[in-house]
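J.: What follows is a protein structure lacking sequence information:
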């Protein structure tokens, strides 16, 4: 297991963290103690964001944090980023591993432990489950039962990430399930980033 695949995992968002300000916003999150950052932008071309992703990776390394790229295996390989995250509409894991051979790959498994077991067998480094609450950034994502985390922890040997609508008011409920990583978007980047992170970490580090 990668020693850094734990704790608060912040994901950028095209609306909350537009490319014009994302570096400054990510820096605030890193200064406040976030140790994993994922850059997620579903609309821009790789060529449009290559320089930005290079700068984000450099910034994350200054704070000894991991930089994960969402759904861009070729760019991830070209830049040598720490990790890649793929979902159901992205490149399949076996193909992604051929393209991005040196680094962490995380796989979205929604509410399926079966999918997570398959991902583990195929060499995924972590799996993500969710949404667990209605998500402000992904309103169409279905809410899954929290029992999936309990079951996954019994069966999986790789780290488990929970995501979807998690915020300051419900994070304690998720912490009772003992996930390895808690992934948030709005709960970090909507409003005062440093304060948001401080409040979340206070609960995670109890």
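T.: Cool, got the structure. All values reported here derive from a predicted model rather than from experimental measurement.

J.: Would you list the strands that the lengthiest strand in the chain pairs with, along with their directions?
T.: Using DSSP state E, we find that the single longest strand of the chain is strand 104-110. Using DSSP bridges, the strands paired with strand 104-110 are strand 83-86 (parallel), strand 126-129 (parallel).

J.: what's the closest of those to residue 8?
T.: Among these, strand 126-129 comes nearest to residue 8, with 13.9 Å by Cβ to Cβ. For glycine as for every other residue, the C-beta is placed from the backbone atoms N, C-alpha and C.

J.: pLDDT on the helix or strand sitting right after the closest one along the chain, on average?
T.: Following strand 126-129 in sequence order, the next helix or strand is helix 147-155 (DSSP states H and E). Here helix 147-155 scores 97 as its mean pLDDT.

J.: And the next helix or strand past helix 147-155?
T.: strand 160-163.

J.: distance between that following strand and the chain's centre?
T.: 8 Å (Cα atoms, centre = their mean, to the nearest Å).

J.: Give me the mean pLDDT for the longest strand of the chain.
T.: Computed over strand 104-110, the average pLDDT equals 97.

J.: just stretch 32-51 next, same as before
T.: Here the average pLDDT along stretch 32-51 is 97.

J.: top helix in this protein by residue count?
T.: helix 46-62 (DSSP state H).

J.: what packs against it?
T.: When contacts are defined as 3 or more Cβ pairs under 8 Å, 6 or more residues apart in numbering; DSSP states H and E, helix 46-62 packs onto helix 22-32, strand 36-39, strand 66-70, helix 73-79.

J.: Can you add distance to residue 190 and mean neighbour count and give the ones you listed back as CSV?
T.: Formatted as CSV, the helices and strands packed on helix 46-62 follow (distance: least, Cβ to Cβ, whole Å; neighbours: other Cβ atoms under 10 Å):
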stretch, distance to residue 190, mean neighbour count
helix 22-32, 11, 18
strand 36-39, 16, 24
strand 66-70, 19, 24
helix 73-79, 27, 19
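
J.: Okay, residue 78 and residue 184: tell me how far apart.
T.: With distances taken as Cβ to Cβ, to the nearest Å, residue 78 is found 28 Å from residue 184.

J.: Which pLDDT does the model give the closest residue to residue 132 other than its chain neighbours?
T.: Leaving out its chain neighbours, the residue that sits closest to residue 132 by Cβ to Cβ, 6 or more residues apart in numbering is residue 164, at 5.2 Å. Each residue has a pLDDT score; the one for residue 164 is 94.

J.: Wait, residue 164 touches residue 136, no?
T.: No - using Cβ atoms under 8 Å, residue 164 is not in contact with residue 136; the gap is 9.9 Å.

J.: More neighbours: which of these two?
T.: Between residue 164 and residue 136, counted using other Cβ atoms under 10 Å, the more crowded position is residue 164 (24 against 16).
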